[in-house]
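Chemist: From the sequence below, what's the structure:
(2 chains)
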2 protein chains.
Amino acid sequence: MTDITFIISRIESMMYEVTFDPVQRKGKIIANISIVDEADFKKVLNLIRQAVHSGLSVSPYIKIIRSGEKIGNLKIEKGKTGIATACSITIDGVLLKSGVPVKPKFGGVVEIHDGSPLRFTDILTYESTTIDPLDVLMSQELTSVTEMVNTGSGKILANLREAPMAARDRIEQVLDSLVEAGFSCILEVGEPNSDILGIQVGRDKLGIAVIGGTNPMALVQEHGIDINTQEMSILLDIGEMTHIDEVK
Amino acid sequence: MTDITFIISRIESMMYEVTFDPVQRKGKIIANISIVDEADFKKVLNLIRQAVHSGLSVSPYIKIIRSGEKIGNLKIEKGKTGIATACSITIDGVLLKSGVPVKPKFGGVVEIHDGSPLRFTDILTYESTTIDPLDVLMSQELTSVTEMVNTGSGKILANLREAPMAARDRIEQVLDSLVEAGFSCILEVGEPNSDILGIQVGRDKLGIAVIGGTNPMALVQEHGIDINTQEMSILLDIGEMTHIDEVK
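Modeler: Numbers count the residues shown, from 1 in each chain, chains lettered A, B, ... in the order given. Predicted coordinates:
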């Protein structure tokens, strides 16, 4: 297929640009930008905070962009506020830069029961769509992030990547350092050659399921508040971001 | 991948059930069911008629299901009206039943300029998603069917299938008989081994682009009217359907 760009191409370009080192806690991550009405901002911030505290975000770090300010090529319009949050493809970038040949496979919806992930119920592979799967799944209203936050059961956005089982020790080391740096978004790491959340992995591969960076936005949307999110929008230095508990 | 069902599986099952013979104009086609508020029905019917007359539907045949009536397993609620229309996968079913090994590839958005299709701008392949691509693309608001109807230029829903070039004569014959039977939804038939609307086909294959059956629903949605469409919902005997110009 010739003239069109599949989402996997964009993912790979963005992964290449990641410089975040979880041990030093320095460098660039991939960020999603969400735009909301200024009037809704307080409510939105509270919902995002709720999602972060329920373990439904990639990291607790955010950056607020006020109306009139610019981020990347994007200028925030009058009456609007921008919120940059970590995108889960950051994890793939960090693994890649640690020498792990990681392959992002798909975005989907995972059913959670009493805090435990059960299985993927819907998926869209990155190699075969020109639109971001999590964006698609969010607009299909297949999530129940509110229910998940309130009861510990529900349907959330997540994605899957594969890596060779030979790299298992290195992967665990990198994921541990990511968790220590606040990126506690790892949903499940599969056993080599074993299904992960109902999905078969390739031969001599293991699967890594990560919480989708747009779960907080799905929560906002489920509350009937307009939010416009651009996934994998920019690269952002972690030094420019603030822990959500320190944002007023 | 194990527990989940990709849309291609459902497509193939439905194709197998098609018995429509375009020469006899008898048999079962695949239909989409759309549900609208009774109060909106007149407006919706006019918009669908407009789409049909602009060549943006699979066929002009529809079936109205009034509130309280059943279609398949679906009972139409009080205050609602159901509208069954032809799904474009009917074309694949008819080709299959004519002995052509046809392979549905993806749903997407096609840019039209002055009545001529230019290229696919977005696509989702059937083999890699659990959700109907046209449903996804409709909810992403990527279409401009209204503009297309008014100006002859715009973005519409379409899909692509491949078939072996060896079957070319038979394919042309079947497509001609479909057009004669009112299924004038063929957007473009590619040359063997040549790109079709910017998309490369497999070796010794040709591509067939067909108008998406949900363009009339995209038009309704673009007019701000609520419409809930289930694609590939049921099999429906063409004898139960009426030409839209004869529906009051």
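Chemist: any idea how far chain B is from A:R168?
Modeler: The gap separating A:R168 from chain B is 22 Å, by C-beta to the nearest C-beta, to the nearest Å. Bear in mind the C-beta positions are built from the backbone N, C-alpha and C, glycine included.
Chemist: just A:A166 next, same as before
Modeler: Plainly put, A:A166 is 23 Å away from chain B if you go by C-beta to the nearest C-beta.
Chemist: Over to A:L157?
Modeler: Distance of A:L157 to chain B, computed by C-beta to the nearest C-beta: 14 Å.
Chemist: Could you do A:S144 as well?
Modeler: 16 Å.
Chemist: Quick check on that residue: phi, psi?
Modeler: Phi and psi for A:S144, reported as degrees, to the nearest 10, are phi -140, psi 70.
Chemist: what helices or strands is the helix or strand of chain A with the lowest mean pLDDT leaning on?
Modeler: In chain A, the helix or strand scored least confidently by mean pLDDT, DSSP states H and E is helix A:133-139, which has a mean of 83. When contacts are defined as 3 or more C-beta pairs under 8 Å, 6 or more residues apart in numbering or on different chains; DSSP states H and E, helix A:133-139 sits against strand A:103-113, strand A:116-125, strand A:154-164, helix A:215-222, strand A:228-237, helix B:133-139.
Chemist: Pull the residues that contact the second one.
Modeler: Same thing as strand A:116-125. A:105-112, A:133, A:136-137, A:140, A:142, A:155, A:158, A:160, A:187-188, A:197-199, A:209, B:1, B:3-4, B:124-125, B:128-131, B:136 (C-beta atoms under 8 Å, 6 or more residues apart in numbering or on different chains).
Chemist: With the shortest one instead?
Modeler: Helix B:133-139 is touched from outside by A:124, A:131, A:136, A:139-140, B:7, B:106-109, B:122-126, B:129, B:143, B:157, B:159, B:212-214, B:217-218, B:221, B:229, B:231, with contacts defined as C-beta under 8 Å, 6+ apart.
Chemist: What ranges does chain A have for its helices?
Modeler: A:7-17, A:41-53, A:89-97, A:133-139, A:145-151, A:168-180, A:215-222 (DSSP state H).
Chemist: Output the fifth one as CSV, restricted to C-alpha atoms.
Modeler: Okay, so that is helix A:145-151. The C-alpha trace of helix A:145-151 is given here as CSV (Å, rounded to 0.1, in the frame of the first residue of the first chain):
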residue,chain,number,x,y,z
VAL,A,145,-13.1,3.9,33.0
THR,A,146,-15.5,5.6,35.4
GLU,A,147,-16.8,2.2,36.6
MET,A,148,-13.2,1.0,36.9
VAL,A,149,-12.2,4.0,39.0
ASN,A,150,-15.3,3.5,41.3
THR,A,151,-15.5,-0.3,41.6
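Chemist: Relative to the whole chain's centre, how far out is that helix?
Modeler: Computed by C-alpha atoms, centre = their mean, to the nearest Å, the separation of helix A:145-151 from the middle of its chain amounts to 18 Å.
Chemist: What of the fourth one?
Modeler: Centroid separation between helix A:133-139 and its chain, computed with C-alpha atoms, centre = their mean, is 12 Å.
Chemist: swap in the second one?
Modeler: Helix A:41-53 sits 16 Å away from the centroid of its parent chain (C-alpha atoms, centre = their mean).
Chemist: buried sites along it?
Modeler: A:F41, A:V44, A:L45, A:L47, A:I48, A:R49, A:Q50, A:A51, A:V52 (16 or more other C-beta atoms under 10 Å in any protein chain shown).
Chemist: Below-threshold pLDDT in chain A: ranges please.
Modeler: Applying pLDDT under 70 to chain A flags the ranges A:1-3.
Chemist: Could you rerun that using 90?
Modeler: Residues of chain A meeting the criterion pLDDT under 90: A:1-5, A:72-73, A:131-142, A:230-233, A:248.
Chemist: Next, work out how far apart the spatially most central residue of it and A:I29 are.
Modeler: Nearest to the geometric centre of chain A sits A:G213, at 2.5 Å (C-alpha atoms, centre = their mean). Look at A:G213 and A:I29: by C-beta to C-beta, to the nearest Å, they are 10 Å apart.
Chemist: Name the residues contacting each of the two.
Modeler: With C-beta under 8 Å, 6+ apart as the test, A:G213 and A:I29 both reach A:A86, A:C87.
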